[in-house]
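Chemist: Compute the structure for the input listed below.
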Amino acid sequence: MNLVPIVMIPGLLCTDDLYRDQIAALAGHPIRIADTTSDASVTAMAERLLADAPESFALCGLSMGGYVALEVLRLAPERVLAAVLMATSHRADIPEQTAMRHQLIATAREEGIEAVARLLCERLVAPETASATLNQRIVEMAAAIGVEGFVRQQQAIIDRPDQSDRLSTINVPVTIVAGEADAIIPPERAREMAAAIPGARLEMLPATGHMVTMERPGRTSAILRRSLTEAAAG
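Modeler: The predicted structure is shown next:
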């Protein structure tokens with residue numbers, strides 16, 4: 001039995017630990033974790049992913065990882081068998097968001113990346129799923145990315161293209177996943193994407209924040225398994 005390879009794309013300040021439970025649940029599948037730390041543009045991240053990926057593959061991206069996934073779908077749609085877009089958006093930053101990102105960069109340089117991570121933890125997870133253990137995992141991922149990696153990622157996010165006009169051209173199986181309590185990216189963005197992408201499936205997770213793979217590991221693993229089954233079926 002040929003198992004469909006999947007490329008998982010981490011979000012801002014995230015490592016492969018973002019997908020720890022999904023990697024375990026998909027044991028046997030060829031899995032690659034995209035490098036989102038070396039480049040300062042979403043396009044460069046997508047090009048690096050494509051250079052390293054198999055000829056055809058499934059795709060999963062969370063938050064910034066979703067921005068990269070959408071760019072991969074723009075650059076090489078013929079190589080993508082299926083895509084799962086989690087806690088992400090098709091829209092470009094508005095000025096207020098960009099200003100906040102510059103402030104976070106300043107905080108990281110003045111106080112360290114762990115200070116930024118602890119600040120973000122307050123908004124990243126829903127009250128129902130919050131725990132000291134989850135917060136510690138988030139802080140440890142941020143520490144692994146470091147200040148300069150964070151700066152590159154924020155610049156990539158600030159400069160990312162708006163994909164709104166492209167959603168209707170996507171013709172691979174797409175699943176959109178969002179937490180109903182996401183305080184980082186409004187859940188309405190998920191509904192907009194699902195309505196605009198032909199045939200897209202929408203999964204709204206109740207009492208869940210932005211870190212859907214860590215907050216709801218079993219549910220998100222099941223969603224990925226289903227997507228890979230659909231990809232294998234063609």
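
Chemist: Starting from residue 20, give me the distance back to the residue nearest the centre of the chain.
Modeler: Residue closest to the mean C-alpha point of the chain, counted by CA atoms, centre = their mean, is residue 62 at 1.4 Å. Distance from residue 62 to residue 20, counting by CB to CB, to the nearest Å: 13 Å. Glycine gets a C-beta too; all of them are placed from N, C-alpha and C.

Chemist: okay, the spatially closest residue to residue 140 that is not a sequence neighbour: pLDDT?
Modeler: Nearest non-adjacent residue to residue 140, counting by CB to CB, 6 or more residues apart in numbering: residue 17, 7.3 Å away. The model reports residue 17 with a pLDDT of 98.

Chemist: Make sure residue 17 is actually in contact with residue 136.
Modeler: No. Contact status for residue 17 versus residue 136: not in contact, 10.8 Å apart, counting by CB atoms under 8 Å.

Chemist: Compare those two and say which is more crowded by neighbours.
Modeler: For residue 17 and residue 136, the more surrounded residue by other CB atoms under 10 Å is residue 17, and the numbers stand at 17 against 13.

Chemist: Enumerate every residue touching the more buried one.
Modeler: Residue 17 makes contacts with 137, 140, 141, as judged by CB atoms under 8 Å, 6 or more residues apart in numbering.

Chemist: And residue 12, by the same measure?
Modeler: Neighbouring residues of residue 12 by CB under 8 Å, 6+ apart: 63, 64, 150, 153, 154, 157.

Chemist: and it, how far is that from residue 43?
Modeler: Using CB to CB, we find residue 12 at a distance of 17 Å from residue 43.

Chemist: Buried subset of the contacts of residue 17 as a PyMOL selection?
Modeler: Applying 16 or more other CB atoms under 10 Å to the contacts of residue 17, the buried members can be selected in PyMOL as follows:
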select buried, resi 137+141
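
Chemist: any low-confidence regions in this protein?
Modeler: Applying pLDDT under 70 to the chain picks out residues 1.

Chemist: So which residues of it form strands?
Modeler: For the chain, the strands defined by DSSP state E occupy 6-9, 31-33, 57-62, 80-86, 174-179, 201-205.

Chemist: Tell me how far the longest helix anywhere in the chain lies from the chain's centre.
Modeler: The longest helix of the chain (DSSP state H) is helix 132-158. Taking CA atoms, centre = their mean, to the nearest Å, one finds helix 132-158 lying 13 Å from the centre of the chain it belongs to.

Chemist: and that helix, what other elements does it pack with?
Modeler: helix 42-52, helix 64-75, helix 95-111, helix 113-124, helix 212-215 (3 or more CB pairs under 8 Å, 6 or more residues apart in numbering; DSSP states H and E).

Chemist: Surely residue 81 and residue 233 touch.
Modeler: No. At 9.8 Å, residue 81 does not count as touching residue 233 under the criterion of CB under 8 Å.

Chemist: got the angle for the longest helix of the chain vs helix 42-52?
Modeler: Going by axes from the mean of the first three to the mean of the last three CA atoms, to 10 degrees, helix 132-158 is angled at 110 degrees with respect to helix 42-52.

Chemist: buried stuff in helix 132-158?
Modeler: For helix 132-158, the neighbour count (16+ other CB under 10 Å) marks 134-135, 137-139, 141-142, 145, 149-158 as buried.
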